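A.B. asks: just a sequence and a predicted model for now, questions to come.
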Amino acid sequence: MESGIARPIKLGPYTSVKAASTWLTSETPSGAFSVVKDFGFSLFAEGVALGILRGYASANRPYELSLSFPFTSAAPDSVMDETPLGSLFGLSAAYGAHRVIDSRGVEVQTQLLEALWSSVQRGGGEVGDGKRRYLVFRDPDYSVPHCLRHSSAKSFPIPSEFELLIRQMCLKLTGQGTAGLPSSESSVITFLYEAVRNSHEHGRYDKNGQLIPGIRGVIAEKYIFESAGSMMKRKDLPDAIKGYLARLWQAKPGSSSGEHRKRMFFSFTVSDFGQGIQNTLPAVVNESSWVRLNRAFSPGESRKPHGDDLNRGLGLAKVWRAAARLKAFLFVSSADLMGYKDFSGETAVTGPLLEKAGSTPGRLGTSITLLWPVLPK
Amino acid sequence: MNQEGQSADQPLVLAVSAHGSPEDLESLLNTTDPDSLRSATSIIFRVGNRLYERLRRPSSIEALISLANRVAPKPTFLVHYSKRNKAHALALVGSDGITETARPELIAAACQGDLLSVLHSAREFCYLRATKSHHFISPSGRHCSLFLRVGDAIRSVDALERLAFWLLPQIANADAVIIDSWTICSVVLRCLSLLNSRIAFDCLAAHPRFESSSAAAAIDRLVSPLPPNPKVACIVSVTSSGSFEDFIERIVLAVNRPLELKITNIYGFAGRPSKTSTVLCRLPEQVENYSAIGECKFCQDGSEAIQIDPRLYYFRDRKEIEKPLKPAHFSESRQSCLDLADLSGALRVHRGDNSGGSTKHHAFNIDVPTVLEKEQFRNQCVEVFRSLAPHPSVIVAPDHDAGKLIAAIAREVLRAQVVVHNTLRPTLGMAAQDRGMLEQAKSVLVVDDVLNSGKRLRDYNRSLREHFGHIESVAYFVVVARPESNDELKRTENALRVGHRWKSSFQYLQRLFLPRWGVDQCPWCQEYQFLSLVSERLSVPPKWLSERLSRLSEGDLGITGEPLFLLPGVSSRSLASQSKVAPSGTSCMAVLFAFAAALQEMRCDPDEEARLAQHAAYANVFALRNLTHNYDEALLQAILLRLVKRSEWSEQNRKTAQADFRRLASEPDRDILLGELLLALARDCVPRFGQKEFLELFTPRLVPHAGLFWETLNRF
């Protein structure tokens, strides 16, 4: 390890939001990440971690990645599966690191990036396995991945392109296309389209309007729980989500079998590296950044000037409405703030996000996650 | 609908793709030109049957109603083809969902508007227009001023789908189909595919005036296998004089088979004699035509008659005439370019326009807030406002930062009240207080940052006339007028100043003529497309390439720095001494704007023979000599490579002038030319290079990526 770099932050399995949030705190020595072979994230954490990497870049804090395993690019076809860095976070970290060394002490950044990017290219921007799929955007040259392109690399895709993509992703995650979620399909398309559009318009520029080069994207995940009991025992799930999942688990009144039924949930996370939602919306006098973040989800709130644009200020409001229609769990990490909203209750549409305690100064970017149950066909 | 193709209903038809989803409707609305939305009386979404069924589902209705509420009070409709009724059907989107409604006149207006838009987007390609020196002999043998080749309007799947959609009932209700030209057979085939129909169809080999026997044989062949009295749809691409209809009816009589013939003209020129056939879309243009050479006014005036082939509906061998870019073309706009160039950031290229919340893209943009940072321009504004008589009591400004800034300057001078509104239509979100102010006002000042097409000011003018007709004086003021031509400026000025009861004036501080290029024509958008294709193939793109792509991605800012694509190691330049264009040291951006304006002058030259334009029989093209001799400074050559459109370069030179371009780029001290030459190659503006020549020229600058650029060039 180079002098001046303190002990590395270990990136292990099921890295949680809480653990990721400590990477930037001043008490935590930083400058190096040590990646173990089974490194991964628990629910919501990958989007948060991407914001932290952006925080490192913004503060010009260099970091090194050290792999606890040897890396060879002999089998580039399977690199996304075989490397724990075959993810949005992995790509972003590999691009942002000032160097990447493997367990043999060999500098492997160039080979790793070549293998990862080649895999992304082969998938038309969509990569992953049967549990987790990624849609990779690389600014400034790959701001719309091939699999979403309608007419050109520059124009933002139309919703039906997202529909096709969701079908493909669902097929790869479940093996049965969108079967099981026909009633929710429209809301999922709306969520994904609006959240990605928001990321495209606001989530890749600094406060001066200049583009920030980097990796953004979408993470689609599948969660299967054998029973409510097994779900409640999972240590990697935040308490708030356990409550949400447990409520949805309840079977029809009078039935006792629901507790033991296997259930599947999907989540889609849209993650960018902008300034954070509350920091792109014009401030109101004496308004806290938390109130401003909530205001951004109300119809008509936008940084765009008033005018003829019919969609002005409706993007995030539609994300909110889509979440409500799906009775989903919405998790928002926006720069230093985090909050969530459980839409499973009857009267849950109104009311603000619940603030997740503890802000993380220095974190940037926005990550919006929607988690909802896949209903039986 | 009246004879001129005007209808009280002016719906805006938005086409949703055949595989579209319900969410596409809103996306489509969001990306629609706000001016078109403003002027439409209703919004009609043209949808396929599959999508229509999806939209009827309860899960979609909420979104539809929300959509309709957003464009209210304008009604929103869905139009689709009903297989059951073999006709188009209209459904109103209302607060209680979708209700089918019988409004044949609205369907006809939608068809009219939708089919007109097909021609509008391809107007450069499908119309042959006479000039002083040439006119046409149509396939029917008539001498005419205008010829429309509908097949050339089919330049996209979207155009094909539009044409096919509106023809579906005609095909569905027929037992056989005959068409006038093979150029439109794709439309009929698409109809048959959509209807899953296998009815017979054929085409006339030539205009029936020339080959009446083969036309008769085709009809005979078509109907002989059919049961007696079949319904035959005859689809005619366009009717002008009506002679095709006469010929075809005569031929059917000669064939002597009982059949029910229904002629449908997809398009019909205005003023065509009334016949029994149907015209789906009436064109606003009237064709001047003469049945014989002795009557032809064009021939009498010395115009050459060009025969259009009655089989191919084309003529051959178009002549090219190379035209110089003259110093006079710079005279109108050069000073404005130089004045504005003093301010860093005032002149921008490749900018997305958020003002007014629209989604417009401008290849050339003038940032008026930056212009007004200079005291000289603010003082000029103040002088204009002080000179206004009578003294305006209300200032109207559009709802964007620049508009509000100008209104604030005016308010300081005039102590008048300000109304910020985009249309001045009381029904479109105007506050009661603002309306009250305008109802009390006798004299109004309307300000805007830039006059481009003039649409916004004309909309204000119309709203004032319709809703606030008591006003006695209206003054219009813009900081920069940048229409495409002097003619266009005069038309806007006339629309604002003439024909009102009130006294009116129109003033601006700066005037220059610039192309109104959007995304499709913006050369910087094309640069982004090309460079991103190169970059995305690299796991770690070189920094110089990423930085250029970043600048090209910053739509809100536009490009304010170097407008040219410089290869690594090449430095930016300003204008050298002794140029005829501008003083020594003038920035590249200012010179680029001066050339953009000069080329625009050339495109709109009042002298038709000097105009840079494509005519049917000949093309005035940009002379290669402009580049090799007249403007031989490397900076100017690079700018010309960027700004001259592909269609404006000579096709002949494209075959022969490769050596000229290689020589230019190889000369010493011309490295600034290389990046632009590379992009010109990508846009196919200049002769293609062989791989060896390409690599020899570009490898020194692009190593190690020259091969990748070459590969991308061949895929672009």
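C.D. replies: It's in. Residues are numbered from 1 along each chain as shown, chains lettered A, B, ... in the order given.
A.B. asks: for the host helix or strand of residue A:220, packing partners?
C.D. replies: Residue A:220 is part of strand A:214-225 when elements are defined by DSSP states H and E. Contact here means 3 or more C-beta pairs under 8 Å, 6 or more residues apart in numbering or on different chains; DSSP states H and E; on that basis strand A:214-225 packs against helix A:45-58, helix A:88-96, strand A:132-139, helix A:159-174, helix A:185-202, strand A:263-271. (C-beta placed from N, C-alpha, C; glycine too.)
A.B. asks: got those as CSV, with distance to chain B, mean pLDDT and mean neighbour count columns?
C.D. replies: CSV is the format used below for the helices and strands packed on strand A:214-225 (distance: least, C-beta to the nearest C-beta, whole Å; pLDDT from 0 to 100; neighbours: other C-beta atoms under 10 Å in any protein chain shown):
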stretch, distance to chain B, mean pLDDT, mean neighbour count
helix A:45-58, 14, 92, 25
helix A:88-96, 8, 95, 24
strand A:132-139, 7, 95, 24
helix A:159-174, 3, 85, 20
helix A:185-202, 5, 90, 24
strand A:263-271, 15, 92, 23
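A.B. asks: any stretches of the stretch 601-716 of chain B with poor pLDDT?
C.D. replies: In the prediction, the stretch 601-716 of chain B carries residues with pLDDT under 70 at positions B:616.
A.B. asks: name the residue of it that lies nearest to chain A.
C.D. replies: Each residue of the stretch 601-716 of chain B has a distance to chain A, by C-beta to the nearest C-beta, and the smallest belongs to residue B:716, at 11.2 Å.
A.B. asks: which residue, other than its chain neighbours, is closest to that residue?
C.D. replies: Leaving out its chain neighbours, the residue that sits closest to residue B:716 by C-beta to C-beta, 6 or more residues apart in numbering or on different chains is residue B:682, at 5.0 Å.
A.B. asks: that neighbour: neighbour count?
C.D. replies: 21 (other C-beta atoms under 10 Å in any protein chain shown).
A.B. asks: any stretches of the stretch 251-377 of chain A with poor pLDDT?
C.D. replies: Judged by pLDDT under 70, the stretches of the stretch 251-377 of chain A that qualify are A:251-260, A:300-313, A:346-349, A:358, A:375-377.
A.B. asks: so which residues of it form strands?
C.D. replies: Taking DSSP state E, counting those that start in this stretch as the criterion, the stretch 251-377 of chain A contains strands spanning A:263-271, A:329-334, A:337-342, A:354-355, A:366-373.
A.B. asks: which among these is found nearest to residue B:212?
C.D. replies: Shortest separation from residue B:212 across the strands of the stretch 251-377 of chain A is recorded for strand A:263-271, at 65.2 Å, computed as C-beta to C-beta.
A.B. asks: can I get that closest one in CSV, CA atoms only?
C.D. replies: Written as CSV, here are the backbone C-alpha positions of strand A:263-271 (Å, rounded to 0.1, in the frame of the first residue of the first chain):
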residue,chain,number,x,y,z
ARG,A,263,-43.0,-14.4,-2.4
MET,A,264,-41.1,-12.5,-5.1
PHE,A,265,-40.3,-8.8,-5.1
PHE,A,266,-38.8,-6.7,-7.8
SER,A,267,-36.8,-3.5,-7.3
PHE,A,268,-35.7,-1.0,-9.9
THR,A,269,-33.1,1.6,-8.9
VAL,A,270,-32.2,4.6,-11.0
SER,A,271,-28.9,6.1,-9.9
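A.B. asks: chain center to it, what's the gap?
C.D. replies: Centroid separation for strand A:263-271 versus its chain: 9 Å, with C-alpha atoms, centre = their mean, to the nearest Å.
A.B. asks: again, but for stretch B:602-617
C.D. replies: Going by C-alpha atoms, centre = their mean, the spacing between the C-alpha centre of stretch B:602-617 and its chain's C-alpha centre is 18 Å.
A.B. asks: pull out the buried residues from that stretch.
C.D. replies: By neighbour count on 16 or more other C-beta atoms under 10 Å in any protein chain shown, the buried set for stretch B:602-617 is B:602-605, B:610-617.
A.B. asks: is the closest residue to residue B:125 other than its chain neighbours in a helix, a strand, or coil?
C.D. replies: With C-beta to C-beta, 6+ apart as the criterion, residue B:125 has its nearest non-adjacent residue at 4.8 Å, and that residue is residue B:152. Here residue B:152 is helix, with the state taken from DSSP: H, G, I helix; E, B strand; the rest coil.
A.B. asks: measure residue B:152 to residue B:128 for me?
C.D. replies: Noted for residue B:152: a distance of 9 Å to residue B:128, by C-beta to C-beta, to the nearest Å.
A.B. asks: excluding its backbone neighbours, what's nearest whatever residue of the stretch 201-350 of chain B ends up closest to chain A?
C.D. replies: When C-beta to the nearest C-beta is the measure, the stretch 201-350 of chain B has its nearest residue to chain A at residue B:350, with 10.6 Å between them. With C-beta to C-beta, 6+ apart as the measure, residue B:524 is the residue that lies nearest to residue B:350, at 3.4 Å, once sequence neighbours are left out.
A.B. asks: the helix or strand hosting the one you found to strand A:132-139, inter-axis angle?
C.D. replies: Here residue B:524, judged by DSSP H and E, is contained in helix B:523-535. Helix B:523-535 runs at 130 degrees relative to strand A:132-139, counting by axes from the mean of the first three to the mean of the last three C-alpha atoms, to 10 degrees.
A.B. asks: tell me which residues are up against helix B:523-535.
C.D. replies: A:140-143, A:152-154, B:349-350, B:361, B:363, B:517, B:519, B:541, B:545-546, B:548-549, B:552-553, B:559, B:563, B:565, B:642-643, B:679, B:682-683, B:705, B:708-709, B:712, B:715-716 (C-beta atoms under 8 Å, 6 or more residues apart in numbering or on different chains).
A.B. asks: can you check stretch B:320-338 too?
C.D. replies: Contacts with stretch B:320-338, where a contact means C-beta under 8 Å, 6+ apart, come from B:347, B:480, B:486, B:510-514, B:580-583, B:586, B:590, B:593-594, B:597-602, B:605, B:610-612, B:618-626, B:630-631, B:650-652.
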